[in-house]
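Undergrad: Got a predicted structure plus its sequence, pasted below:
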Amino acid sequence: MNINMLKNVIKLSLLKLSSRGYTSRWIIFFIDLFLSVSASLFVAWGIFLFIGRDVTLTKLLELCIISTFSSSIGLVLFRLYASVIRHATLKELWRVGGVAFVKIALIALIYNFWMGNFSLKLTLITNVCDFFATIVILVAFRIILLNIYYLFMLNNYKRQKNILVYGTGDDSVAVANSKQSSPFTLDYAIKGFITLNGKRKKFRIADLSVYQINNKEDLIKIVNSHNIDSILFPNLKNIQREKDRLIKFCNDINLHTLTVPQVEEIKNGIVQRSVRKVRIEDLLGRDEININLEEISKLLEGVTVMVTGAAGSIGSEICRQLAHFNVRQLILFDNGETPMHNLRLELEDSFPQLSFVPIMGNVRDQQRVEHVFRTYRPQVVFHAAAYKHVPLMEENPCEAILANVMGTRIVADAAVKYNVKRFVMISTDKAVNPSNIMGCTKRLAEIYVQSLSIALKNGKMKGVTKFITTRFGNVLGSNGSVIPRFHEQIKNGGPVTVTHPDIIRYFMTIPEACRLVLEAGTIGNGGEIFIFDMGEPVKIADLAKKMILLNGFVPEKDIKIIYTGLRPGEKLYEELLNNKENTKETHHEKIRIASVREYDYNEVIPHIDRLVNFAKSENVGDMVKEMKAFVPEFKSKNSEFQQYDKEIVFNDKKKINQCVE
């Protein structure tokens, strides 16, 4: 076997060993034991030679046995073998010192009190030398092993990309220090830190250079001179801080931006990916929303909670957040088989302590809904089941009424019948001055729930349920939303389709929307419609351009943007919800109460009955007319149903003229 063949065998052996994960703790134990005993023998042999005493095989064998016993006790007591060497830090040095101290203490006891072979002075010198020799050899073993491991691993990954870590704060330094123990070491090599502060001082942190820039030209120089491929941001706060500066510079020069996964991206306690690309959601997100965990915990502790639409984007996130509280049981109700199956597997893996029941069913099926309420007796209900896609509901208006209006009525009535304490309905900003079927059905659902709550409060109906409605805009990354669609179009090379160059929307992340839902459900006294602060509106065309840039392409050059025209029922601008003219403040700065017209329950029922009957008989024309008559602010946009707006206006004028005559 020649030298090259031997090198290849060693390399393959090391790679095979590394791919198996962590080395067995018992292998490390016996290596440490061997090194510790070797240190004792080496020290004893050296001191014997120094003082001119004979070194016999018997004496060395005697010391070997005693040191093996003493070292084993020290290693077991301090569990040095249990630490993963590639993740070792300076904080663990005390364990090495502890092992060495226990060893020399036991050796001294055995020799001086049981055997009496040595003088106190000689024993002291020998033990002090043994102590330091043991520490040095055990630490050296770990350092050598680490260097050999990463030498072979890094040499085997020739496609490593050079990156800079943004900032010099604790999070940034922690990311840099973890580079030798993180999987992304194999793909990326950290070359230093980068900051934007106008200073030109040269210094190093964690043995890495700090590069300070003022503008895009400075960044280009550093990127070219050090062949930088990406900038790594340690957290979302840094991304938000630099979205209009450094991230913009990176997009302009086609430099990749990366970030470390956040807590919400960690499943089963394990980070699935060591780093990921900065996403559009990271740029649109805001500071973390604080909620009153203590109050929510009081509301949910020891109670049975039911979530309708549990497998949907909002429903599933509500379930994940509820799983962190000490609920008695979580009832998942949905009619989507595959999404429900996926949610079940996720909850089983991520929350093994959670007691939950997945139930297949449709909110339009009264018997099924009542069976669930009667069997499980939920005390809190989050009603997220609904059809939500505007164009699809414009084409299927009867189904929208049956699911969103009749379905809500069935679930709400069951909540009253079975003494549910709180009922939280998820609504939408499209219910405000609705311009489409979907928005109007959600407004009708709001009206029914609110009128039912008022009837209960006024004693016109018997029941204890408090009905709370929550309204918010688009959620980032929800099923069928614009962002996943843009991702797919960019992945396929374009074009990216936008309905109109001036269309704007409000966005909120799914987790923060669901946090506010839980908060609103806690503070509501019944009958309120809570609206959430959605931040600043986002131009969808600008959103598309940013997403193209984040994926390393140039808009209109690499990937085209095509404007397809507004879809049926679609608005150009959504109404701003949280303004002081039509809302009232709450104790939470992100939540306000909408001031809307209140309806009498007995007046609502006949309208709902007529709508449901029209929907069941597929009488679309009369159904839409009834919707517009009952919700006069419903004005269709870019839709075939605009004709009924003209009819209603004509009929209203005719009535006025008749009254004048």
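TA: Done, it's in. As the structure is a computational prediction, the values presented were derived from the model and not from experiment. Numbering: from 1, shown residues only.

Undergrad: if you skip the residues just before and after it, what's nearest to residue 311?
TA: Leaving aside its chain neighbours, residue 311 sits nearest to residue 339 (3.6 Å; criterion: C-beta to C-beta, 6 or more residues apart in numbering). Every residue, glycine included, has its C-beta placed from N, CA and C.

Undergrad: residues near the one you found, how many?
TA: By other C-beta atoms under 10 Å, the residues close to residue 339 number 18.

Undergrad: Let me see the contact set for it.
TA: 311-312, 316 (C-beta atoms under 8 Å, 6 or more residues apart in numbering).

Undergrad: Now for the chain, the helix or strand with the poorest mean pLDDT.
TA: Ranked by mean pLDDT, DSSP states H and E, the weakest helix or strand in the chain is strand 270-271, scoring a mean of 38.

Undergrad: now the strands for the stretch 351-500 of the chain?
TA: In the stretch 351-500 of the chain, the strands defined using DSSP state E, counting those that start in this stretch lie at 356-360, 380-383, 422-428, 466-472, 474-476, 496-498.

Undergrad: Of those, which shows the lowest average pLDDT?
TA: Confidence, taken as mean pLDDT, is least for strand 474-476 of the strands of the stretch 351-500 of the chain (a mean of 71).

Undergrad: ok so, going back, of the strands of the stretch 351-500 of the chain, which approaches residue 62 most closely?
TA: Closest approach to residue 62 among the strands of the stretch 351-500 of the chain is made by strand 356-360 (63.7 Å; C-beta to C-beta).

Undergrad: Report the strands that pair with the closest one, each with its relative direction.
TA: Paired neighbours of strand 356-360 in the sheet (DSSP bridges): strand 329-334 (parallel).

Undergrad: The strand it pairs with - what's its average pLDDT?
TA: Rounded mean pLDDT across strand 329-334 is 96.

Undergrad: Any chance you could list what contacts it?
TA: 304-312, 315, 319, 322-323, 340, 343-344, 354-361, 363, 372, 376, 378, 385.

Undergrad: out of those residues, which are inside helices?
TA: Mapping the contacts of strand 329-334 onto helices (DSSP state H) picks out 315, 319, 322, 340, 343-344, 372, 376.

Undergrad: Now neighbour count, distance to residue 406 and pLDDT too, for those residues, in a markdown table please.
TA: Below are these laid out as a markdown table (neighbours: other C-beta atoms under 10 Å; distance: C-beta to C-beta, whole Å; pLDDT from 0 to 100):
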| residue | neighbour count | distance to residue 406 | pLDDT |
| --- | --- | --- | --- |
| 315 | 26 | 19 | 91 |
| 319 | 25 | 24 | 93 |
| 322 | 22 | 26 | 91 |
| 340 | 19 | 22 | 95 |
| 343 | 22 | 25 | 94 |
| 344 | 16 | 27 | 94 |
| 372 | 21 | 17 | 97 |
| 376 | 18 | 22 | 95 |
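
Undergrad: So which bits of stretch 234-248 are buried?
TA: Going by neighbour count (16 or more other C-beta atoms under 10 Å), the buried part of stretch 234-248 is 234-236, 238-243, 246-247.

Undergrad: sorry, that was for stretch 405-419
TA: So stretch 405-419, judged by 16+ other C-beta under 10 Å, has buried residues 405-416, 418.

Undergrad: now stretch 462-477
TA: Buried residues in stretch 462-477, counting neighbours by 16+ other C-beta under 10 Å, are found at 463, 465-477.

Undergrad: Likewise for stretch 66-81?
TA: 66-68, 70-72, 74-75, 78, 80-81.

Undergrad: Out of the residues you listed, which comes closest to residue 641?
TA: The closest of the buried residues of stretch 66-81, once distances to residue 641 are taken by C-beta to C-beta, is residue 81, at 73.5 Å.

Undergrad: ok, which stretches of the stretch 401-550 of the chain are helices?
TA: Assigned by DSSP state H, counting those that start in this stretch, the stretch 401-550 of the chain shows helices spanning 407-417, 437-457, 482-491, 510-523, 540-550.

Undergrad: deepest of these, which one?
TA: Highest mean neighbour count of the helices of the stretch 401-550 of the chain: helix 437-457, a mean of 26 (counted as mean count of other C-beta atoms under 10 Å).

Undergrad: Show me what the top strand by length along the chain is packed up against.
TA: As assigned by DSSP state E, the longest strand anywhere in the chain is strand 188-196. Counting contacts by 3 or more C-beta pairs under 8 Å, 6 or more residues apart in numbering; DSSP states H and E, strand 188-196 packs against strand 161-166, helix 170-177, strand 208-213, helix 216-226, strand 228-233.

Undergrad: let's go with 6 Å and repeat that
TA: Secondary-structure packing of strand 188-196 (3 or more C-beta pairs under 6 Å, 6 or more residues apart in numbering; DSSP states H and E): strand 161-166, strand 208-213.

Undergrad: any idea how far the residue nearest to residue 351 when sequence neighbours are not counted is from residue 380?
TA: Closest residue in space to residue 351, ignoring its immediate chain neighbours: residue 323 at 4.2 Å, by C-beta to C-beta, 6+ apart. Residue 323 sits 14 Å away from residue 380, taking C-beta to C-beta, to the nearest Å as the criterion.

Undergrad: These two: which is more packed in?
TA: The neighbour comparison of residue 323 against residue 380 (other C-beta under 10 Å) goes to residue 380, with 21 against 16.

Undergrad: That one against residue 307, yeah?
TA: No: between residue 380 and residue 307 there is no contact under C-beta atoms under 6 Å: 9.4 Å.

Undergrad: Spell out which residues make up each domain of the protein.
TA: Per automatic domain parsing, the domain ranges recorded for the chain read 10-155, 161-278, 293-474+508-533+577-616.

Undergrad: Ok, which of the ones you listed comes nearest residue 554?
TA: Between residue 554 and these, the tightest spacing by C-beta to C-beta is seen for domain 161-278, at 7.6 Å.

Undergrad: For residue 37, report the pLDDT, please.
TA: 86.

Undergrad: Reformat the domains of the chain as CSV; add distance to residue 548.
TA: Converted to CSV, these look like this (distance: least, C-beta to C-beta, whole Å):
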stretch, distance to residue 548
domain 10-155, 33
domain 161-278, 9
domain 293-474+508-533+577-616, 20
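
Undergrad: Most tightly packed of the ones you listed?
TA: Counting by mean count of other C-beta under 10 Å, the most buried of the domains of the chain turns out to be domain 293-474+508-533+577-616, with a mean of 20.

Undergrad: can you list contacts of stretch 423-441?
TA: 314, 381-384, 390, 393-394, 397, 400-401, 404-405, 415, 442-443, 446, 449, 465, 467-471, 473, 521, 569, 571, 574-575, 577, 627, 631, 633-634, 637 (C-beta atoms under 6 Å, 6 or more residues apart in numbering).

Undergrad: check which helix or strand covers the residue lying closest to residue 51 once chain neighbours are set aside.
TA: Leaving aside its chain neighbours, residue 51 sits nearest to residue 122 (7.7 Å; criterion: C-beta to C-beta, 6+ apart). Using DSSP states H and E, residue 122 maps to helix 120-155.

Undergrad: Secondary structure element for residue 44, which one?
TA: Per DSSP H and E, residue 44 falls inside helix 25-51.

Undergrad: State the mean pLDDT of the helix or strand that that helix is followed by.
TA: Scanning the chain past helix 25-51 towards its C-terminal end, the next helix or strand to appear is helix 57-78 (assignment: DSSP H and E). Regarding helix 57-78, the rounded mean pLDDT is 82.
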